[in-house]
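Visitor: Got a predicted model here, sequence first, then my questions.
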Amino acid sequence: MKKADTLQVLCEISKILDETDDLKKILHPILDSLAAHTPVVRGAITLINRDKNEILIESAYGLTDTQKKLGRYQLGEGITGQVVKTGECIVIPDISKDSRYMNKTGAETGFIEKNQQISFISVPVKSDKTTIGTLNITFIEVPSDDLSHYLKLLSIIASMIARAVKIRQELREEKERLVAENARLKKELQERLIPERIIGRSQVMQELFDLVAQVSKSEATVLIRGESGTGKELVAQEIHDNSLRAKKPFIKVNCAALPEGVIESELFGHEKGAFTGAHSLRKGRFELADQGTLFLDEVGELSPKMQVKLLRAVQEQEFERVGGVRTIKVDVRIIAATNRNLEEEMQSGRFREDLYYRLNVFPLHIPPLRERKSDILLLCDHFIEKYNKKNHFSIKRISSNAIDLLMMYHWPGNVRELENCIERAVILSKDDVIHAYHLPPSLQSAESSNTKFSSTLQHELDNLEKELIADALKHAMGNRAQAARELGVSERIMGLRIDKYGLNPDRYKLK
């Protein structure tokens, strides 16, 4: 084989390898190129199938489909199996004289019967020192001296195939990894709770939603912590709606809104005649919530006496109605909420430690609005849509200045305060736009309200000093010495300040 032919084969194969990422589409053209420039009569590229632990013919030249299917080898079986196992080339000048050649495909039978010299070369295809397959070539009536030249050529081609296989395998594995990751993320998104009532895309809210999703399917008691106006009741409703008790009652009790004398009857009910006005038997909230969920809002407001009774009901799931003696058993999931610092309440003795630990099984903290300002505009859009519909308005946007004020404000009243601000602004707007001057005075800046501070520090200090001296003179009824003592200054300084500010002590003396 001429040197020019060798270079042409390598050049063609190099181009073939660059044409496509599909491994199957490049193997057969490689064999065709070899056959066009060398006396090849048959060729095959084999690869290991890791799943089946077999060596299979991936592409072939000069073999029928049936013969290809017959070319299956175990590791160490035949010439191909030996090459894959050892990673070493094998050259057989005449297969009829070598018992290792198995002729599994049966393709060489006719040549053997004609006593033709069939030479066979098998070169390992390696990736990172691991043999992943072979390049097998069959020649007829080729001089033995030429076989060493073909061996070098096939070794180079096998190396090129190995690099191509490795790149394509890495691409395939990366694609499979991305597909698997995409499927995992889709599944995670499907499983992730997307609350219907709670609006928020900030990181802290996503973490809260994940915790809500986790606890919803359990029967654990939940204690929701957070400032007033953050939406504790909405979180409680989401937990119930996504729980196994979703079709059962969700009963709410605001512990802070009920008087001390009424709370026990509200929670546990009362028998007929239990007290004045008890004209009939009345079921309490615990009974009404049987098989469902009971939400105890502002549980930190309960008196120590009621805390004792609540502890038993929560712990034992049993109680007696006011005026009754029969113990009533219920199956109720408890969700409690508070804006108080219960740890400080325990230390001061205002909240029972045992009740705290009974309620604090799975604590949830709702972040204040100032800690999730990225959600403010989402909430604004929601409230604008809500009050547009309620009041038959058509507010379309919020001005840039108004947005700046909304984002700068610290929102002590949280989401509830924001909702009130937006409702007010929707009503005040006359051009379908919420402007900065539609927001409450508490949100206004000096610039937006035209009250920018225009004085100087020294001027304001002088005004304050003048006012203090005048008050001291008035209190001392014009007596300079007494006024100076009250202000903690000397009589000389008092005299200088009186002259500076043009004050007349005589006007403060009794007539």
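Guide: Happy to help now that I have it.
Visitor: Just give me the residue closest to the centre of this protein.
Guide: Q206 (5.8 Å; CA atoms, centre = their mean).
Visitor: So, low pLDDT: which residues of the stretch 301-450 of the chain?
Guide: 445-450 (pLDDT under 70).
Visitor: can you pull out the strands in it?
Guide: 318-320, 327-329, 333-338, 362-365, 397-398, 433-434 (DSSP state E, counting those that start in this stretch).
Visitor: highest average neighbour count across these?
Guide: Comparing these by mean neighbour count (mean count of other CB atoms under 10 Å), strand 333-338 ranks first with a mean of 26. To be clear about C-beta, it is placed using only N, CA and C from the backbone, and glycine gets the same treatment.
Visitor: quick check, distance from that strand to the centre of its chain.
Guide: 26 Å (CA atoms, centre = their mean, to the nearest Å).
Visitor: Looking at the strands of the stretch 301-450 of the chain, spot the one closest to R50.
Guide: strand 362-365 (45.8 Å; CB to CB).
Visitor: Tell me which residues are up against the closest one.
Guide: 208, 211-212, 215, 218, 220-226, 235 (CB atoms under 8 Å, 6 or more residues apart in numbering).
Visitor: Kindly report the same for stretch 137-145.
Guide: Contacts of stretch 137-145 (CB under 8 Å, 6+ apart): 34, 38-43, 62, 93, 107-108, 111, 116-121, 147, 150, 154.
Visitor: Can you flag the buried ones in the residues you listed?
Guide: 34, 38-43, 93, 107-108, 111, 117-121, 147, 150, 154 (16 or more other CB atoms under 10 Å).
Visitor: how is this structure carved up into domains?
Guide: 3-172, 203-367, 377-443, 457-508 (automatic domain parsing).
Visitor: Distance to E196 added to those domains, as JSON lines?
Guide: Formatted as JSON lines, those follow (distance: least, CB to CB, whole Å):
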{"stretch": "domain 3-172", "distance to E196": "42"}
{"stretch": "domain 203-367", "distance to E196": "8"}
{"stretch": "domain 377-443", "distance to E196": "12"}
{"stretch": "domain 457-508", "distance to E196": "53"}
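Visitor: which stretch in those domains has the least confidence?
Guide: Set side by side, those give their lowest mean pLDDT on domain 3-172, at a mean of 84.
Visitor: Give me the distance from that domain to the chain's centre.
Guide: 51 Å.
Visitor: Ok, stretch 250-262 next?
Guide: 36 Å.
Visitor: buried residues in it?
Guide: In stretch 250-262, counting by 16+ other CB under 10 Å, buried: 250-253, 255, 258.
Visitor: same deal with stretch 423-436?
Guide: Buried residues in stretch 423-436 (16+ other CB under 10 Å): 423, 425-426, 429, 434-436.
Visitor: So what are the sheet partners of the helix or strand containing A60 and their directions?
Guide: Following DSSP states H and E, one finds A60 within strand 54-61. Here strand 54-61 is paired, per DSSP bridges, with strand 40-49 (antiparallel), strand 72-73 (antiparallel).
Visitor: Test my guess that L428 contacts H438.
Guide: Yes. Under the criterion of CB atoms under 8 Å, L428 makes contact with H438 at 4.5 Å.
Visitor: which secondary structure elements does the helix or strand containing G261 contact?
Guide: G261 belongs to helix 260-268 when assigned by DSSP H and E. Helix 260-268 makes packing contacts with helix 285-288, helix 304-316, strand 318-320 when contacts are defined by 3 or more CB pairs under 8 Å, 6 or more residues apart in numbering; DSSP states H and E.
Visitor: right, and the ones you listed - which one's nearest I55?
Guide: That would be, of the helices and strands packed on helix 260-268 and by CB to CB, helix 304-316, which comes in at 68.2 Å.
Visitor: number of nearby residues for G231?
Guide: Other residues near G231 come to 21 when the count uses other CB atoms under 10 Å.
Visitor: just to revisit the earlier point, which members of the buried residues of stretch 423-436 occur in helices, if any?
Guide: Under the assignment DSSP state H, these contribute 423, 425-426 to helices.
Visitor: and N136, what does it touch?
Guide: N136 neighbours (CB under 8 Å, 6+ apart): 43-46, 79-80, 120-123.
Visitor: and which of the residues you listed is nearest to K305?
Guide: T46 (85.3 Å).
Visitor: give me the beta-bridge partners of the closest one?
Guide: Going by DSSP bridges, T46 forms beta bridges with I57, T134.
Visitor: Assess the claim that it and L56 are in contact.
Guide: Yes. With contact defined as CB under 8 Å, T46 counts as touching L56 (6.3 Å).
Visitor: of the two, who's got more company?
Guide: Using other CB under 10 Å, the more surrounded residue of T46 and L56 is T46, with 26 against 16.
Visitor: Give me the distance between the more buried one and F295.
Guide: 69 Å (CB to CB, to the nearest Å).
Visitor: Kindly report the same for F286.
Guide: Counting by CB to CB, the gap from F286 to F295 is 12 Å.
Visitor: try K166
Guide: For K166, the distance to F295 - CB to CB - is 60 Å.
Visitor: the more surrounded of these two?
Guide: F295 (26 against 16).
Visitor: Next one: L457 relative to D98, how far apart?
Guide: L457 is 105 Å from D98, by CB to CB.
Visitor: And these two? Which one has more around it.
Guide: Using other CB under 10 Å as the criterion, L457 and D98 rank with D98 on top: 12 against 7.
Visitor: so what's the more buried one up against?
Guide: I92.
Visitor: quick one, the helix or strand containing F139 and strand 40-49 angle?
Guide: Taking DSSP H and E as the definition, one finds F139 inside strand 130-140. Strand 130-140 and strand 40-49 are oriented at 160 degrees to each other (axes from the mean of the first three to the mean of the last three CA atoms, to 10 degrees).
Visitor: C-terminal to strand 130-140, what's the next element?
Guide: Toward the C-terminus from strand 130-140 - assigned by DSSP H and E - lies helix 144-191.
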